[in-house]
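Colleague: give the three-dimensional model of this entry:
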Amino acid sequence: AVVLLRSTRRRWWVVTVPLLLLCTYLSLWTIGQAVAAAYPPRPQLDGRTPADVGLAYRDVAFPSSDGVRLEGWYVPSRNGAAVALLHGAGSTRTGVLDEAAVLAGHGYGVLLYDARGHGDSAGRGMDLGWYGEQDAAGAVDHLADLPDVSPGRIGLVGLSMGGEEAIGAAGMDDRVAAVVAEGATNRTADDKGYLSAYGARGEVQQWIDHLTYGVTDLLTDAPEPASLRHAVDTATGRSDPTAFLLVAAGGVETETLAADFIGGDSTDVEVWTVPDSGHVQGLRTAPEEWERRVVGFLDRALLPDAAAGSAAQWPRQAPPRTARRLRTTASNAPTEPSISSNSSAPTSSRHSPPSRASTTGARVAATAAAWASSTSLRCSIRTGTGRVATIRSHSRLRRTVAWVMSHSPQCRVPRTLPQTYAASPSRPPSAS
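Modeller: Numbers count the residues shown, from 1 in each chain. So this is what the prediction gives:
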């Protein structure tokens, strides 16, 4: 810099000096961010345990998919479903005890574990969560081997870095049936696509982020993961898609932008913005609403037979975005064409609540799911939000679903099943 200044005429110093300062700042920022992400300090447990929030638990240890020993706690399941709770960067499993108390209170088994390099777990940490898929795969393996957890009823709930890890893990592991990710924004440069909303300023920031992530990749052995949007596209593009609930802080503008960008146009992704909330403060800011939305979402995704009962727990307001799908216990049931509605109702915004009629129809269908028995049926109900709610059911549910759809102002189908349908149960009726 000194040589450059000496070789530059004084009249150009007014331009050269600011440029040098800017380059120095960007270099220090880029390298500093990369070093902080690749070599984070190890956070320690704060001494609390699940017993401090009234939960019975046991200590567990399991390997990640690449063999790193992870330490955690497990609260047994009482409903056959379980979730792994993933904490944020610079935190440990003690940081998600409050969330664990809410979920365990509704019967869910809860696995709280320290990410590698955090708390009591082995390995070196990585604050961008690039080891998240391997750690989460070990957690899913552990839950899948437990006798109190039924197949197909495993979910992931993550905060901040943990939310990003949960999304990435769902893209890699089709055993993950549901994901709740709060405060998830980015962990690769491709995740910053939402910055385009800020015009030229956003493009400059994206360029800086590309440099930062590039330097980070040189400093760590962790494999750079796919973008969060790619993970969501992969997980929702399967024949039995993963359901996502993305929770954003209303007090952090970029979180809502990021959540909408990550979710894309998928109908299996819900976005809830918590008004006036800070980063991962949803449960503290709106405890009742957080419980209603998160537990209701998990019930619909992991416990379809209990979905109606879950809705009845909170009579104050209908759940957001009525149930999109009901899983059957017969995972090999044949997939059939869907019955699409011919609704003429206008499509509302992504975050608008469903209409009372569409909510009632989905609740009735969810209640009727308990009567299911044999041949599968797949049909779709278009809700008041313009979204399509998919219901997978069985032969004894055919007429019930037809009744629900025929009595909903959002759908128009024949009020009686066609004779051809009765003779061929594998083919659902066509929409009128």
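
Colleague: and the helices in this protein?
Modeller: Assignment of helices within the chain using DSSP state H yields the ranges 2-6, 13-38, 97-105, 132-144, 161-172, 200-219, 228-236, 253-263, 282-285, 287-302, 307-312, 356-368, 398-406, 419-423.

Colleague: shaky segments in the chain?
Modeller: Flagging of the chain using pLDDT under 70 yields the residue ranges 1-17, 25, 306-432.

Colleague: can you rerun that using 50?
Modeller: Filtered on pLDDT under 50, the chain yields the residue ranges 310-312, 314-432.

Colleague: ok, residue 242 - contacts?
Modeller: 170, 174, 176-179, 235-236, 268 (C-beta atoms under 8 Å, 6 or more residues apart in numbering). For every residue, glycine as well, the C-beta is placed using N, CA and C.

Colleague: from residue 194, how far out is the spatially closest residue to it that is not a sequence neighbour?
Modeller: Once flanking residues are discounted, residue 242 sits nearest to residue 235: 3.9 Å by C-beta to C-beta, 6 or more residues apart in numbering. Distance of residue 235 to residue 194, given as C-beta to C-beta, to the nearest Å: 19 Å.

Colleague: between those two, which is the more surrounded one?
Modeller: Between residue 235 and residue 194, counted using other C-beta atoms under 10 Å, the more crowded position is residue 235 (26 against 21).

Colleague: in stretch 284-300, what counts as buried?
Modeller: Of all the residues in stretch 284-300, those buried under the rule 16 or more other C-beta atoms under 10 Å are 285-286, 289-300.

Colleague: and for stretch 192-212?
Modeller: The neighbour-count check on stretch 192-212 (16+ other C-beta under 10 Å) flags 192-195, 202, 206, 208-209, 211-212 as buried.

Colleague: tabulate these (a markdown table), appending distance to residue 249.
Modeller: Formatted as a markdown table, the buried residues of stretch 192-212 follow (distance: C-beta to C-beta, whole Å):
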| residue | distance to residue 249 |
| --- | --- |
| 192 | 18 |
| 193 | 19 |
| 194 | 14 |
| 195 | 17 |
| 202 | 19 |
| 206 | 22 |
| 208 | 23 |
| 209 | 20 |
| 211 | 27 |
| 212 | 23 |
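
Colleague: now, the most widely separated pair of those?
Modeller: The most widely separated members of the buried residues of stretch 192-212 are 194 and 211, with 18.6 Å between them, by C-beta to C-beta.

Colleague: would you mind confirming that residue 223 makes contact with residue 130?
Modeller: Yes: with contact defined as C-beta atoms under 8 Å, residue 223 reaches residue 130; the gap is 6.4 Å.

Colleague: for the two, indicate the residue with more neighbours.
Modeller: residue 130 (25 against 12).

Colleague: what residues are up against that one?
Modeller: Neighbour list for residue 130: 187, 220, 222-225 [criterion: C-beta under 8 Å, 6+ apart].

Colleague: out of the residues you listed, flag the one nearest to residue 31.
Modeller: For the contacts of residue 130, the nearest to residue 31 is residue 220 (13.5 Å; C-beta to C-beta).

Colleague: so what's the closest one closest to, chain neighbours aside?
Modeller: Residue 220 sits nearest to residue 38 (C-beta to C-beta, 6+ apart), 4.2 Å away.

Colleague: how far away is the one you found from residue 296?
Modeller: Distance from residue 38 to residue 296, by C-beta to C-beta: 39 Å.

Colleague: tell me the contacts of the closest residue to residue 249 other than its chain neighbours?
Modeller: Distances taken as C-beta to C-beta, 6+ apart put residue 277 closest to residue 249, at 4.4 Å, once the chain neighbours are dropped. When contacts are counted by C-beta under 8 Å, 6+ apart, residue 277 touches 249-251, 284-286.

Colleague: what's the farthest-apart pair in the residues you listed?
Modeller: 250 and 284 (13.1 Å).

Colleague: what's the closest non-adjacent residue to residue 100?
Modeller: Per C-beta to C-beta, 6+ apart, closest to residue 100 is residue 110, 4.6 Å.

Colleague: so what's the residue count around the one you found?
Modeller: With other C-beta under 10 Å as criterion, residue 110 counts 28.

Colleague: next: residue 269.
Modeller: Neighbour count for residue 269, taken as other C-beta under 10 Å: 27.

Colleague: over to residue 48?
Modeller: 13.

Colleague: and if you look at residue 23?
Modeller: 11.

Colleague: begin at 55 from now on, thanks
Modeller: Noted, 55 is the first residue going forward, which turns the last one into residue 77.

Colleague: contacting residues for it?
Modeller: So residue 77 contacts nothing (C-beta under 8 Å, 6+ apart).

Colleague: thanks a lot, catch you later.
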